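1. Using only what follows, build the 3D model:
(chains A, B and C)
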Amino acid sequence: MNWKARSAFLAAVVAFAMTAVACGSSPSSGGSSSGGSSPKGSVTIAGFNFTEGSVLAELYGQALEHDGYSVQYKLNLGNREVVSKAIEAGSIDAYIGYAATDLEFYNKGAGEASGDVNANVNKLNGHLQSLNMVALNPSAAIDQNAFAMTKANAQKFNATKLSDLAAHGSDIVLGGPPECANRPFCKPGLEQTYGIHFKDFKSLDADGPLTRAALANGSIQLGLVFSSDGDLNSLGLVVLQDDKHLESADNVVPILRSTVATADVKKIMNAVSAGLTTNDLIDMNNQAGPQHMDPDAVAAAYLQKHNYFS
Amino acid sequence: METVVNVIQWFANPAHWSGTDGIPTRFVEHIELSAVSVAIGAVIALPVGIVLGHYGRFGALAMSLSNVGRAIPSIALLVLAFQVFGLGNLPIVIALTALAIPPMLTNSYVALREVDPDIKEAARGMGYREPAQILRVELPLAVPLVMAGIRTSAVQVVATATLAALIAGGGFGRYIIDGFGQQDYTKLVAGGILVALLALVTEGLLSGLERLLMPRGLRLLAAPAARRVVFKTA
Amino acid sequence: MPRGLFLEYVDPWINWDWLSRHIPVVTAALVQHIELTAIAVGLGLAIAVPVGVIAQRRKLLRSAVLTVFDIFYTIPSIAVFVFLIPYTGLTAVTAEVALVGYAVLILARNVMVGLDAVPKDVLDAADGMGYRPFARLIRVELPLALPTIFAGLRIATVTTIGLITIAALIGWGGLGQLILQGFIESFHTPLVVGMALSIALAFVADLGLAAIQRLALPWSRTS
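-> Numbers count the residues shown, from 1 in each chain, chains lettered A, B, ... in the order given. Predicted coordinates:
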């Protein structure tokens, strides 16, 4: 009966496969390069699901790598709702957030955010403390929600600023990521602050390919974009002025789990924040977005140019 | 338990039964996308599968198509269709049609292939011309397996249409993708329940149709249990 | 698609330069894809065999199991992935629970069908030779059911390889990460590479399993 030998062979194949799996499994994602051996420990940085998220994660991550940390990247992980769950659960150690939006996220839309970035970060830290998280120094670079139209529609509605749209709400479909429907700096804010009552809301993405395509083919008239986008003008889009100051100081700010935020880590990340400007952000987004350069290469070139690697 | 209560309340909320994001609208969108895709898929797949099966040609091709159908990641197909055809229902229908074809083509090929050669011989002896032989003799015998292919395909497309929401499509997938984005688990679970219900109802209705279409003679025989082809792309 | 307006840079289907600079990223995604598949199918098999064996023996349990399976099978994986996040976080466990579940459904069904097909004469002969029930199961019934179980293994493997890409939405997609990146960045190359490798992996795995089957189960060659 040689089936015995055959089933033994089969069992061996299965056992081998399972051992190979057990030995081979590693927590790294399909993100970017990691630093190899790590005398200083390991940090997992997440990026939001839009291009700037990847650029910022790489920017701060590579600065840490340069100083001897092993960095894992979870790029395109999701929106803030998803990323915050991940950091609270300890699946990631850090993400690069935005002061006002993160404040209003963690205070559940209490409306505390203002134009004073330091006040925003202080209040944000008040909410993060109980979650064992901490926000570092904000950078001068700002990227906030903005709302764009095609030039043709802006002419049709005779609109240069958001308050011009109040009378035309019933002709306008707003497009943005799913969470825009609930976020204070998005649809609810436009309704309350500007009194625009939209014909409809269409779930798309955060200033990504869907929003751009929807603006172009007319399935939406107003779309959420980011103020740090460099290419809106060349796409035939105009950003309407936020004349009633719905958006608050959304400065780029790293948010970490407290256990990871050692003095050394803080020093490295604060140094990056200290040098970063809004124009830097626009430049890098332009390279990584429309020009399809890699977020990691764009970040490396920036750090090189500004002597972080010396 | 809390989730269960929340989901029941979600369904009981009249606001979720009206408007562009209401259940009736999403239901119609989901059905439209699925039905159009399966119908176009059937028009392409069934004649090809039936003719190939009748002549017994290109068997390896017809059989391996079902493997291809399983191997193509549906999410990639949808994104690719969006990048090529832009925003709207067209890319969704194209991607879903591509996913609908393999189970129907493979099953109808096998169904015709497995018609007893003696019966084919007898039909020819009775003077049937080839088209008539396929339509009146072979196809009725092949109904169970052909229908099983359509059923598998339809259930698969209904489930996969959920992913259309990723490229801004409508349908019940909206509740799942939006619920995820908004971290609204009640909406998400409700969406999952709606899709599963729709898939089960589709399965039930098509099984009923299958029984109606089956020739009496075949029904009287202990009909061979139509083999279940497993397809899952979402 | 308003290409002229919205894609200023003509994007080739494959940018070989990008690909050559991203071999490590692509490899990491492929390795993760293989790991997730192996775990899902391996665990799926370990669960499906006892479940299938027990359910095949009891008519009531059998129809209950099959009904539950059919219902679970219609739930889109994206819903299961996302639903589990509050309990298991954005970990590989979240991805694997759903994937193992679907693999079990496919495999357990084939275990039952394979055992069903064992001829009554063979069972009688085995009883006549004095086999006890457990020995009969291990030495007679399962070996005869193996070709069917193997067919299920191949379907489960190919299906799992396709489904994993969807787990990219919760951060664990293997090659699906590349697909998602291609989508978000409107960049063809990672999309096409992720898709092509996923299809290729499915075919290689299918052929590999077929080869193992031929070597290990020569009695199934005719089927």
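
2. ok, A:Met149 to chain C distance?
-> For A:Met149, the distance to chain C equals 14 Å [C-beta to the nearest C-beta, to the nearest Å]. Heads up, the C-betas are built off the backbone N, CA and C, glycines and all.

3. try B:Glu210
-> With C-beta to the nearest C-beta as the criterion, B:Glu210 and chain C are 16 Å apart.

4. Which residues lie in contact with the nearest residue to that residue once chain neighbours are set aside in this structure?
-> Once flanking residues are discounted, B:Glu210 sits nearest to B:Met147: 4.0 Å by C-beta to C-beta, 6 or more residues apart in numbering or on different chains. Residues near B:Met147 by C-beta atoms under 8 Å, 6 or more residues apart in numbering or on different chains: B:Leu206, B:Leu209, B:Glu210, B:Leu213, B:Met214, B:Ala226.

5. OK, contacts around B:Ala199?
-> B:Ala199 sits next to B:Val155, B:Val158, B:Ala159, C:Thr74 when contact means C-beta under 8 Å, 6+ apart.

6. Now those residues in TSV, please, with extra columns for distance to A:Ser258 and neighbour count.
-> Shown next, in TSV, are the contacts of B:Ala199 (distance: C-beta to C-beta, whole Å; neighbours: other C-beta atoms under 10 Å in any protein chain shown):
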residue	distance to A:Ser258	neighbour count
B:Val155	49	25
B:Val158	47	30
B:Ala159	43	29
C:Thr74	44	22
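
7. nearest to A:Ala167, of those residues?
-> Distance ranking of those against A:Ala167, using C-beta to C-beta, places B:Val158 first at 42.5 Å.

8. pLDDT of the lengthiest helix in chain C, averaged?
-> Taking DSSP state H as the criterion, chain C has its longest helix at helix C:23-57. In this model, helix C:23-57 has an average pLDDT of 94.

9. in which helix or strand would I find the spatially most central residue of chain B?
-> In chain B, the residue lying closest to the centroid (C-alpha atoms, centre = their mean) is B:Ala154, at 1.6 Å. Using DSSP states H and E, B:Ala154 sits within helix B:139-160.

10. same check, this time on A:Gln72
-> Element membership for A:Gln72 (DSSP H and E) is strand A:70-78.

11. Packing partners of whichever helix or strand comes after that strand?
-> Next helix or strand after strand A:70-78 toward the C-terminus (DSSP H and E): helix A:80-88. Applying 3 or more C-beta pairs under 8 Å, 6 or more residues apart in numbering or on different chains; DSSP states H and E, we find helix A:80-88 packed against strand A:42-48, strand A:70-78, strand A:94-98, helix A:99-106, helix C:77-88.

12. Recalculate using a threshold of 7 Å.
-> Judged by 3 or more C-beta pairs under 7 Å, 6 or more residues apart in numbering or on different chains; DSSP states H and E, helix A:80-88 is in contact with strand A:42-48.

13. and the helix or strand following the strand it packs on, how far out from the chain's middle?
-> Moving toward the C-terminus from strand A:42-48, the next helix or strand (DSSP H and E) is helix A:51-66. For helix A:51-66, the separation from the chain centroid amounts to 11 Å (computed by C-alpha atoms, centre = their mean, to the nearest Å).

14. Identify each buried residue in helix A:51-66, please.
-> In terms of neighbour count (16 or more other C-beta atoms under 10 Å in any protein chain shown), helix A:51-66 has its buried residues at A:51-66.

15. A:Ala46: which of the contacts of B:Ala199 is nearest?
-> The closest of those to A:Ala46 turns out to be B:Ala159 (C-beta to C-beta; 29.5 Å).

16. want to throw the contacts of B:Ala199 into TSV with pLDDT?
-> TSV is the format used below for the contacts of B:Ala199 (pLDDT from 0 to 100):
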residue	pLDDT
B:Val155	92
B:Val158	95
B:Ala159	93
C:Thr74	80
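
17. And the furthest pair within those residues?
-> Maximum distance among the contacts of B:Ala199 (C-beta to C-beta): 8.0 Å, for B:Val158 and C:Thr74.

18. How far away from the center of its chain is stretch A:246-264?
-> In terms of C-alpha atoms, centre = their mean, the centre of stretch A:246-264 is found 12 Å from the chain centre.

19. Does it reach chain C?
-> No. Stretch A:246-264 stays clear of chain C (C-beta under 7 Å from any C-beta of the partner chain), getting no nearer than 13.7 Å.

20. what does the average pLDDT come to for that stretch?
-> What stretch A:246-264 shows for mean pLDDT is 94.

21. what's near enough to touch whichever residue of chain A sits closest to chain B?
-> Residue nearest to chain B within chain A: A:Pro178 (3.0 Å; C-beta to the nearest C-beta). A:Pro178 is in contact with A:Ser203, B:Ile177, B:Asp178, B:Gly181, B:Gln182, counting by C-beta atoms under 7 Å, 6 or more residues apart in numbering or on different chains.

22. Mind doing that once more with 8 Å?
-> A:Asn79, A:Ser203, B:Ile177, B:Asp178, B:Phe180, B:Gly181, B:Gln182.

23. Return the distance of the nearest residue to the second one once chain neighbours are set aside relative to C:Leu191.
-> What that stands for is A:Ser203. Spatially, and ignoring its direct neighbours in sequence, A:Ser203 is nearest to A:Pro178 (4.5 Å; C-beta to C-beta, 6+ apart). Remark: distance between A:Pro178 and C:Leu191 (C-beta to C-beta, to the nearest Å) = 22 Å.

24. ok, now A:Lys74?
-> Using C-beta to C-beta, A:Lys74 is found at 19 Å from C:Leu191.

25. Over to B:Asp118?
-> Taken as C-beta to C-beta, the span from B:Asp118 to C:Leu191 is 51 Å.

26. Between these two, tell me which one has more neighbours.
-> The residue with more neighbours, out of B:Asp118 and C:Leu191, is C:Leu191; 24 against 8, by other C-beta atoms under 10 Å in any protein chain shown.

27. Ignoring the adjacent residues along the chain, who's closest to A:Tyr194?
-> Leaving aside its sequence neighbours, A:Tyr194 sits nearest to A:Leu162 (C-beta to C-beta, 6+ apart; 5.2 Å).
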